[in-house]
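J.: Build me a model:
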Amino acid sequence: MGEAVGTPDAGRGTEPAGGGPARAGTGPRPDAAVVRDALGVGVAVGLSGFAFGVTSAGAGLTLLQTCALSLLVFTGASQFALVGALAAGGNPYTAAAGAFFLGVRNAFYGLRLSQLLRVPRALRPFAAQWVIDETAAVALAQPGRRAARIGFAVTGATLYALWNLTTLLGALGASALGDPREWGLDAAGPAVFLALLAPMLRTATERAVAGLAVVLVLVGVPVLPAGVPVLVAALAAPVVLALRGRAPVRPARAGKGRGR
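T.: Below you'll find the predicted structure:
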């Protein structure tokens with residue numbers, strides 16, 4: 001995030017995101033536009049930390065445990081999965097395993113972002129803490145490396161600060177609110193992530209994976225221990241990909257593509 005400072009192109013936003021020629025139809029974005037978009041994402045998602053704080057406290061975690069999860073783990077889906085499994089009486093190791101597998105996706109984001117951002121080695125451990133869905137989405141949407149760095153940094157800082165602040169407020173206010181289920185706050189976490197996920201399901205394969213994962217969870221919840229249905233749902237991706245690989249290739253229609 002600080003590597004380009006002092007270089008000839010720094011500040012101009014002309015460096016393409018992948019280090020090669022600029023993509024057709026894209027040009028440097030004003031820094032203010034990138035900051036505005038990043039702040040919008042950071043604020044919108046960061047406020048949902050309140051729901052996590054309430055849910056975590058309602059699951060029996062202490063204030064210190066709740067805040068430590070947001071400070072150290074900082075990946076909302078994994079946090080909600082962990083406290084949800086614990087609230088349902090699940091084994092702590094099973095709950096932790098489900099949270100771990102949900103968090104593994106951030107490692108794949110990191111592989112792509114490391115090439116895009118070119119963060120100096122000394123800053124990589126700090127930048128790694130902010131590698132999540134939202135920062136990856138904002139950074140990868142930018143046409144140049146400078147804009148990607150700004151988007152990543154602003155989204156990460158805003159979201160981290162707000163998520164931890166609202167987690168604290170939610171945990172402190174949990175006792176005053178009573179049972180989170182009476183206010184519907186137990187559904188706030190899943191609702192937030194469904195809203196984030198829906199726009200990403202653009203292909204038939206992605207929609208099939210999501211649909212099968214939902215079916216596996218719904219079938220597994222009544223019969224499996226808490227936390228295990230999340231692990232079972234992870235089988236949706238390989239199953240759909242295997243079925244897709246075995247699907248016969250339809251021959252092209254006669255004359256298709258001619259005449260142009």
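J.: in this protein, which helix or strand is least confident?
T.: When each helix and strand of the chain is scored by mean pLDDT, DSSP states H and E, helix 180-183 comes last, with a mean of 60.
J.: residues of stretch 96-110 that come out buried?
T.: For stretch 96-110, the neighbour count (16 or more other Cβ atoms under 10 Å) marks 96-99, 102-103, 105-106, 109-110 as buried. Yep, even glycine has a C-beta here, placed from its N, CA and C like the rest.
J.: For the helix or strand harbouring residue 147, buried residues please.
T.: Assessed by DSSP states H and E, residue 147 sits inside helix 145-177. Using 16+ other Cβ under 10 Å as the test for burial, helix 145-177 gives 145-156, 158-160, 162-168, 170-171, 174.
J.: Low-confidence stretches in the stretch 101-250 of the chain?
T.: Across the stretch 101-250 of the chain, the ranges flagged by pLDDT under 70 are 175-197, 199-200, 226-227, 246-250.
J.: repeat that for 80
T.: Scanning the stretch 101-250 of the chain with the threshold set as pLDDT under 80 gives 174-202, 221-222, 224-231, 234, 245-250.
J.: those helices in the stretch 101-250 of the chain, which residues are they?
T.: 105-117, 124-128, 133-140, 145-177, 180-183, 188-197, 204-220, 228-233, 236-246 (DSSP state H, counting those that start in this stretch).
J.: Off-centre distance for the longest one?
T.: Translated: helix 145-177. 13 Å (Cα atoms, centre = their mean, to the nearest Å).
J.: what angle sits between that helix and helix 133-140?
T.: Going by axes from the mean of the first three to the mean of the last three Cα atoms, to 10 degrees, helix 145-177 is angled at 160 degrees with respect to helix 133-140.
J.: Show me what helix 145-177 is packed against.
T.: helix 31-46, helix 49-58, helix 63-68, helix 105-117, helix 133-140 (3 or more Cβ pairs under 8 Å, 6 or more residues apart in numbering; DSSP states H and E).
J.: So which of these is nearest residue 230?
T.: Among the helices and strands packed on helix 145-177, helix 105-117 comes nearest to residue 230, with 13.1 Å by Cβ to Cβ.
J.: tilt between that closest one and helix 133-140?
T.: Using the same axes, to 10 degrees: helix 105-117 against helix 133-140 is 20 degrees.
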